[in-house]
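Colleague: Here is my input, please return the structure:
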Amino acid sequence: MRVLVIDDEPMVRRAVRLTCESEGHVVDELDGGSGVIEQMRREPPDLVLLDLLMPDTSGFDVCREIREAGFRMPVVILSAKNDEIDVVLGLEIGADDYIQKPFRPRELLARIAARARTTGPQEPSQRLEFRGLVIHLGERRVARDGADVPLTHTEFDLLAFLATQAGNVVSRDKILATVWGYGHRIETRVIDVHIRNLRRKIEIDPSQPRFILSVPGVGYRFAAVRP
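Modeller: The predicted structure is shown next:
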């Protein structure tokens, strides 16, 4: 995979580079948020590792800029800030995951490997349709009432997994293992924030969801009502 690391600390960028290159990944580096869109257009990354605290701009602003520019690849926050509010805010504006500094090389590689597994090709003919919501698995594209719905990489993976299990209750542990590929210390927030983001995008009334339903104490169920 091509990994773009955006961090103002040279030692962190070097550690990420050495770790990623040990597994054959290609690494591009930026020491701040300025010029990130130009860099991504020149060399589109498969994954972005993004620091939150940089002298020129906030990582939150950079993440928002990446999403507003239309890039959908995974963005993983890499930061020493570990307050839950920072994690939730990062996920709310489009980040896919969060790694706390100092990171362990094996953990970083596991996160990258999990993202790589979810980028594999799907059967191009696969299409799921539920009451105006159409999920094109092969194209990784979603439409509601004929209009395309822009989803991040992880939002699509989460929606596709729930939809393929339509009618069944899926536990949080199963969602975490399938979509993220590992355990997570803040798993409840990670899943719930992504579900909330999805509902805002695919539901007519997110406060009264008809597609993604909560099952208290267990997880979620995708309503299996087809056209």
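Colleague: Could you pick out the longest helix of the protein?
Modeller: Taking DSSP state H as the criterion, the chain has its longest helix at helix 187-202.
Colleague: what's the following helix or strand after it?
Modeller: strand 212-215 (DSSP states H and E).
Colleague: Can you list the helices and strands that that following strand packs against?
Modeller: With contacts defined as 3 or more CB pairs under 8 Å, 6 or more residues apart in numbering; DSSP states H and E, strand 212-215 has these neighbours: helix 187-202, strand 219-222. No exception for glycine: its C-beta is placed from N, CA and C like everyone else's.
Colleague: so E203 touches R210, yeah?
Modeller: Yes - the pair E203 and R210 qualifies as a contact (CB atoms under 8 Å) at a distance of 6.6 Å.
Colleague: which intervals of the chain have sub-threshold pLDDT?
Modeller: Flagging of the chain using pLDDT under 70 yields the residue ranges 81-83, 117-125, 182-188, 224-227.
Colleague: Go ahead and flag the most central residue of it.
Modeller: In the chain, the centroid-proximal residue (CA atoms, centre = their mean) is D96; its distance is 2.7 Å.
Colleague: which residues does that residue contact?
Modeller: P74, V75, V76, R115, T152, H153, T154 (CB atoms under 8 Å, 6 or more residues apart in numbering).
Colleague: go on, S171?
Modeller: V218, G219 are the contacts of S171 under CB under 8 Å, 6+ apart.
Colleague: State the distance from it to D157.
Modeller: The gap separating S171 from D157 is 17 Å, by CB to CB, to the nearest Å.
Colleague: Tell me how many other residues surround I85.
Modeller: For I85, the count of nearby residues is 9 (other CB atoms under 10 Å).
Colleague: Going forward, the N-terminal residue is numbered 38.
Modeller: OK, 38 is where the count begins now, so the last one is I122.
Colleague: Done for today, thanks.
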